[in-house]
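Asks: Starting from these lines, generate the structure:
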Amino acid sequence: MERIFIQIASYRDPQCGPTIANLLARARHPERLSFGVCLQWRRNDPADAACGPLSLPDWQQQRIDQHDASDSQGVCWARSRCQQLWNGEAFTLQIDSHMRAEPDWDITLLASWQRAGHPRAVLSCYPNGFSIEPGTGTEQLDRGLLPILAAKEFDEHGILRLQGISTFPIPDGLPSAPPTGAFLSAGMLFGPSSLIEAAPYDPELYFYGEETTLAARLWTSGYELFNPDQPALYHLYKRSGGSHTTHWADHASWSKLNQRSLQRTKALLNDGANLGRYGLGRERSLAAYQQWAGVNFQARTITPQALSGRFGAGETS
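Replies: Here you go, the predicted structure:
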């Protein structure tokens, strides 16, 4: 089994330590896991002790890039910092800092990746949620339906928004192989670590546009996007039992960073601007990606197929 480099960008999140501990406890081969954590916390605030390095499990194969929260420039900046901690592991898993895993999740993801049947396959979805019961701390995983990623709408800024569509009943209705996709979720992304070099994270993006730009950059670089065909990871969407502060709640200047990000996203996806190492790939065109994904970034149109998570050639409407 190959080694897996797990990227986690954590902003003042008391769930980061429990997330890492859970991944280690539920992996079939924890010795083959390494972590790259961009840890953003307030060193001088005792109330935030649960967000600091002492809250993380003592794991030898863990590389931590620490920053005072006041110096943070947003999630994409933090994910870029995580990627700089990569040390040659064959596979990478990018997740959020508030996740839980199924038993043997590492074996499950690798087997799903192999069933995709492409050397540059990338698995991604908006994972099902988990909840933490207030008071008792009891955790409940949502094992109802396996979701797929689909287009949803263009927002008022012209940014494509995505949606997760609950599709396959667990366990009896699961697909036999990963369904073809065109989009990705930044909070659950698994594939060969070559994607770090092919489409490194753009630290000048903030939040909006992160997922659509990365999907286009990977696809035009020759990577194929898929939805997982088995449940492996879960996301804490409702922040009961350990809420954490968001970057934009902490930083009055976040709107300036966001505005720069919106402009950069439009330059790349509307105009095909040359952003150097943070630009589009050279193996396939942006026009071909839009045809495949069923979207048109300039016209802000989406095909019915893309709205339902089905991808291929077609006219947008």
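Asks: Report the distance from stretch 84-97 to the chain centre.
Replies: 11 Å (C-alpha atoms, centre = their mean, to the nearest Å).
Asks: ends of it, how far apart?
Replies: 18 Å (C-alpha to C-alpha, to the nearest Å).
Asks: buried ones in that stretch?
Replies: Neighbour counts over stretch 84-97 (16 or more other C-beta atoms under 10 Å) mark L85, W86, E89, F91, T92, L93, Q94, I95, D96, S97 as buried. The C-beta positions use only the backbone N, C-alpha and C, and glycine is treated the same way.
Asks: For S10, see how far away the fourth one is.
Replies: F91 is 21 Å from S10, where distance means C-beta to C-beta, to the nearest Å.
Asks: Redo the buried residues of stretch 84-97 as a markdown table? Include secondary structure, distance to T301 and pLDDT.
Replies: Formatted as a markdown table, the buried residues of stretch 84-97 follow (DSSP: H, G, I helix; E, B strand; the rest coil; distance: C-beta to C-beta, whole Å; pLDDT from 0 to 100):
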| residue | secondary structure | distance to T301 | pLDDT |
| --- | --- | --- | --- |
| L85 | coil | 39 | 98 |
| W86 | coil | 37 | 98 |
| E89 | coil | 40 | 98 |
| F91 | strand | 36 | 98 |
| T92 | strand | 33 | 98 |
| L93 | strand | 33 | 98 |
| Q94 | strand | 29 | 98 |
| I95 | strand | 32 | 98 |
| D96 | coil | 30 | 97 |
| S97 | coil | 35 | 96 |
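Asks: any idea which of those residues is the one closest to Y289?
Replies: Within these, proximity to Y289 (C-beta to C-beta) peaks at Q94, which comes in at 20.4 Å.
Asks: Just to check, the closest one is in contact with G191?
Replies: No - Q94 lies out of contact with G191 (C-beta atoms under 8 Å); the separation is 9.2 Å.
Asks: Contact partners for the residue positioned nearest the centre of the chain?
Replies: Central residue of the chain (C-alpha atoms, centre = their mean): A186, 1.9 Å from the mean position. By C-beta atoms under 8 Å, 6 or more residues apart in numbering, A186 lies in contact with V75, R79, Q94, E210, E211, L214.
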